[in-house]
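Peer 1: no sequence on this one, just coordinates:
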DNA sequence: TCTTGATGCTAACACGTGTTAGCAAGCGAT
DNA sequence: ATCGCTTGCTAACACGTGTTAGCATCAAGA
């Protein structure tokens, strides 16, 4: 197990019978250094024979670029839904970064912890950029400051922030989901939010819901709105509240699949059938919501695309040296299954 | 946006009125260098004032340690179940690594891609170790070779490999699940595997199932075994096959929750009730299986612990300089809900 | 024959840190 | 006065790479 020293450019140079400089010029393909093909060949062969790999640390030192992007996860462990998409997001992101030879360094940062420690580590690593997934309100200040020195892209939305971000078009999506219920003939349509309205995404979905009602000439009835908070349990409580109403809704848009799971449980406990007695539309298209009974009609969240777009924006910033001012809002689609009552094949 | 040069140890030295060596000695807390408290204080203050952070690349170069661990994800995007646990695993892993100041560098490596490219990157980065999640049979050779030079821990199991690994005790778990059904009085207990038996985990669960039957004096009936392959669709097909039997089982152990989702759908389509007509036990305890109808009784997979243990083993190898020969098998627990017919509160 | 310019290479510096060997000053003991 | 020992520091090297300036050699042109 003695860990032997890896070959250096010096070793390659010796084997090829040239100087280390020449090795560097050849391997980096410097074009204005006129190296004749035969020398080039000798160097390449020597490098291959020794299985030479340039030392990333040394390269970082001299080039000033670490070729590393930090991925900071800010969501709580109980925000299950966010978790469900993490792998997809990571795939999209690393896909986008691959072409630029950038790598992802992971920094879990639980929301109940102060960011100082993580900031320190980010600085030590001299990361070339950062993607923050699930920014929180309290993060605004340090993020803005950080953004002065290093490219940052937010995955999700942060109010009053000038940083570029990638998110789903929550308003459009929620309106689309609600419109779908309107089109199916419902007049009393409830809303269970995915989180308190202090969360931007939650607020935007609420706005979309209201907009769709307004378009349809339906009144906004406050009693038909209940608040979830990430978990199925919260969805169950919210649904209980709605079912207790003297005149309960005939359809509910639940702005999170996971929250909808709890809601669905409660509906069943009350002996009601979905969609006959109560129609349901969710949000997120969690991988397993297709396998509920009944399969959940829901808004599809393009997780991999979100990651990929975040990667693209970051690359753009890095390449051009200044932040793209834009904020990207990805459109979503409605996945019509059976919980809304419009489903085929039930 | 001009990216200004970060302060170096030299800058700190100048500000504190000492040499760079002294700065290094103070900041690294070298104990046998007798630095008087007041000098120490001056250096610390200067470092704080300049917000000095040592350059990780330079450190890597001189120390020979990158302080980075590679996390290689080998699972396919459609192995949904693996995805579901990734975030938890990552949390456990990075928790364990934090104390040693190690960080996680992510390498998605789709199973249909050759590993050479990734190997090259791992070598360039000079990672201090690696965790491979979801090793595949074809990976054995390069992994063994890699393990000669760098610490590796497998998350999951690889046949005929001498590398340390962390996995769930599949046999024990499957036996426990099957025993539970036996105890509930079932005599004809079916099995739907999570994957073809060529997968180690699948094979071990099959063995555990057989063992439990044998303990109970029940015959092993080949016709009661159907094969799933990761997806709900495969579970649906397998369950169709079992229900077509002249004398179908009264209970089925499905060795994967996700596969069980498909199976459950088919059961419902046949107009059968769970657990009254057919009892079901799953495997994995996917976050959402608690919200099925009925909630799924299942074997809990301690994902975060798996990650943490993998981290611990890796640290041990790094510290002691030689691989721990052991393979860790984490015990699991049965989460009794309602699909098995023993559940409370239904 | 001398100049010019291209060709094919290399010496040497820079990047920011950890670490070893050792230097100067002070001080007590011989 | 000399020796030895401690205290408090620093000079200098090493780590592996990218890059700039420049050095020989040779051929062609004046």
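Peer 2: Great, that's in hand. Since the model is a prediction, treat every value here as computed from it, not as a measurement.
Peer 1: use CA for all of it now, contacts and neighbours both
Peer 2: Noted.
Peer 1: check which helix or strand covers the residue in the stretch 51-200 of chain A that DNA strand C sits nearest to.
Peer 2: DNA strand C sits closest to residue A:62 of the stretch 51-200 of chain A, with a gap of 3.7 Å, by C-alpha to the nearest atom of the strand. Element membership for residue A:62 (DSSP states H and E) is helix A:56-63.
Peer 1: Specify the angle between that helix and helix B:56-63 in degrees.
Peer 2: Following axes from the mean of the first three to the mean of the last three C-alpha atoms, to 10 degrees, one obtains 130 degrees for the angle between helix A:56-63 and helix B:56-63.
Peer 1: what's in contact with helix A:56-63?
Peer 2: Applying C-alpha atoms under 8 Å, 6 or more residues apart in numbering or on different chains, the contact partners of helix A:56-63 are A:65, A:66, A:67, B:56, B:57, B:58, B:60, B:61, B:66, B:124, B:125, B:126.
Peer 1: ok, for the last one, nearest residue in space, not its chain neighbours?
Peer 2: With C-alpha to C-alpha, 6 or more residues apart in numbering or on different chains as the criterion, residue B:126 has its nearest non-adjacent residue at 6.4 Å, and that residue is residue B:66.
Peer 1: Touching, that neighbour and residue B:128? I think so.
Peer 2: Yes: Residue B:66 lies in contact with residue B:128 (C-alpha atoms under 8 Å); the separation is 6.2 Å.
Peer 1: Please enumerate the shared neighbours of these two.
Peer 2: By C-alpha under 8 Å, 6+ apart, no residue touches both residue B:66 and residue B:128.
Peer 1: So for residue A:88, what pLDDT did the model give?
Peer 2: pLDDT recorded at residue A:88 is 88.
Peer 1: buried sites along the host helix or strand of it?
Peer 2: Here residue A:88, judged by DSSP H and E, is contained in helix A:80-98. Neighbour-count burial for helix A:80-98 flags A:80-97 (criterion: 16 or more other C-alpha atoms under 10 Å in any protein chain shown).
Peer 1: Kindly report the same for stretch A:238-246.
Peer 2: If you call a residue buried by 16+ other C-alpha under 10 Å, then stretch A:238-246 has these buried ones: A:238, A:239, A:240, A:241, A:242, A:243.
Peer 1: separation between the fourth one and residue A:256?
Peer 2: Going back to what we said before, that points to residue A:241. 17 Å (C-alpha to C-alpha, to the nearest Å).
Peer 1: One more: the third one?
Peer 2: According to C-alpha to C-alpha, residue A:240 and residue A:256 sit 17 Å apart.
Peer 1: Is residue A:102 in contact with residue A:65, as I believe?
Peer 2: No: with contact defined as C-alpha under 8 Å, residue A:102 does not count as touching residue A:65 (10.0 Å).
Peer 1: Comparing the two, which residue is more hemmed in?
Peer 2: Neighbours were counted for residue A:102 and for residue A:65 using other C-alpha atoms under 10 Å in any protein chain shown; residue A:102 has more, 19 against 15.
Peer 1: what's the closest non-adjacent residue to the more buried one?
Peer 2: Nearest to residue A:102 is residue A:67, by C-alpha to C-alpha, 6+ apart, at 4.8 Å.
Peer 1: Check whether the worst-scoring helix or strand of chain A on mean pLDDT comes into contact with chain B.
Peer 2: Among the helices and strands of chain A, helix A:80-98 carries the lowest confidence by mean pLDDT, DSSP states H and E, at a mean of 85. Yes: contact of helix A:80-98 with chain B (C-alpha under 8 Å from any C-alpha of the partner chain) involves A:80, A:83, A:84, A:86, A:87, A:88, A:91, A:94.
Peer 1: Would you agree residue A:44 falls within a helix?
Peer 2: Yes: assessed by DSSP: H, G, I helix; E, B strand; the rest coil, residue A:44 belongs to a helix.
Peer 1: Please report how far it lies from chain B.
Peer 2: According to C-alpha to the nearest C-alpha, to the nearest Å, residue A:44 and chain B sit 16 Å apart.
Peer 1: Wondering if the helix holding residue A:62 reaches DNA strand D at all.
Peer 2: Yes: using C-alpha under 7 Å from any atom of the strand, helix A:56-63 reaches DNA strand D at A:56, A:58, A:59, A:61, A:62, A:63.
Peer 1: give me the number of residues near residue A:123?
Peer 2: Neighbours of residue A:123 (other C-alpha under 10 Å): 19.
Peer 1: same question, the one 5 residues further on
Peer 2: Burial of residue A:128 is recorded as 23 neighbouring residues (other C-alpha under 10 Å).
Peer 1: what do you get for residue A:50?
Peer 2: Using other C-alpha under 10 Å, residue A:50 is surrounded by 15 other residues.
Peer 1: Settle this for me: it is touching residue A:7, isn't it.
Peer 2: Yes: between residue A:50 and residue A:7 there is a contact under C-alpha under 8 Å: 6.7 Å.
Peer 1: re earlier: tell me the contacts of the residue nearest to residue B:126?
Peer 2: So residue B:66 contacts A:57, B:56, B:57, B:59, B:60, B:125, B:126, B:127, B:128 (C-alpha under 8 Å, 6+ apart).
Peer 1: possible to save the contacts of helix A:56-63 as TSV with pLDDT?
Peer 2: Shown next, in TSV, are the contacts of helix A:56-63 (pLDDT from 0 to 100):
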residue	pLDDT
A:65	96
A:66	97
A:67	97
B:56	98
B:57	97
B:58	98
B:60	97
B:61	97
B:66	97
B:124	97
B:125	97
B:126	97
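Peer 1: Drop the exposed ones from the residues you listed and show what's left.
Peer 2: Buried by 16+ other C-alpha under 10 Å: A:66, A:67, B:56, B:57, B:58, B:60, B:61, B:66, B:124, B:125, B:126, out of the contacts of helix A:56-63.
Peer 1: How is chain A divided into domains?
Peer 2: Chain A breaks down into these domains under automatic domain parsing: A:9-54, A:68-168+A:303-331, A:170-301.
Peer 1: which of these sits most buried?
Peer 2: Mean neighbours per residue, mean count of other C-alpha atoms under 10 Å in any protein chain shown, is largest over the domains of chain A for domain A:170-301, with a mean of 21.
Peer 1: Of the residues of helix A:80-98 next to chain B, which ones also sit close to DNA strand D?
Peer 2: Applying C-alpha under 7 Å from any atom of the strand, the subset of the residues of helix A:80-98 next to chain B adjacent to DNA strand D is empty.
Peer 1: For residue A:342, state which of those residues is nearest.
Peer 2: Residue A:342 has its nearest neighbour among the residues of helix A:80-98 next to chain B in residue A:84, at 26.6 Å by C-alpha to C-alpha.
Peer 1: Report the contact partners of the closest one.
Peer 2: A:286, A:287, B:83, B:84.
Peer 1: try 6 Å
Peer 2: Neighbouring residues of residue A:84 by C-alpha atoms under 6 Å, 6 or more residues apart in numbering or on different chains: residue B:84.
Peer 1: quick one: it from residue B:286, how far?
Peer 2: Going from residue A:84 to residue B:286 by C-alpha to C-alpha gives 10 Å.
Peer 1: Helices along chain A, start to end?
Peer 2: A:9-16, A:20-27, A:37-50, A:56-63, A:80-98, A:116-125, A:140-149, A:170-183, A:200-215, A:232-243, A:257-269, A:303-320 (DSSP state H).
Peer 1: Including distance to residue B:303, could the ones you listed go into JSON lines?
Peer 2: Listed next are the helices of chain A as JSON lines, based on distance: least, C-alpha to C-alpha, whole Å:
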{"stretch": "helix A:9-16", "distance to residue B:303": "42"}
{"stretch": "helix A:20-27", "distance to residue B:303": "43"}
{"stretch": "helix A:37-50", "distance to residue B:303": "40"}
{"stretch": "helix A:56-63", "distance to residue B:303": "32"}
{"stretch": "helix A:80-98", "distance to residue B:303": "13"}
{"stretch": "helix A:116-125", "distance to residue B:303": "24"}
{"stretch": "helix A:140-149", "distance to residue B:303": "31"}
{"stretch": "helix A:170-183", "distance to residue B:303": "32"}
{"stretch": "helix A:200-215", "distance to residue B:303": "29"}
{"stretch": "helix A:232-243", "distance to residue B:303": "21"}
{"stretch": "helix A:257-269", "distance to residue B:303": "20"}
{"stretch": "helix A:303-320", "distance to residue B:303": "22"}
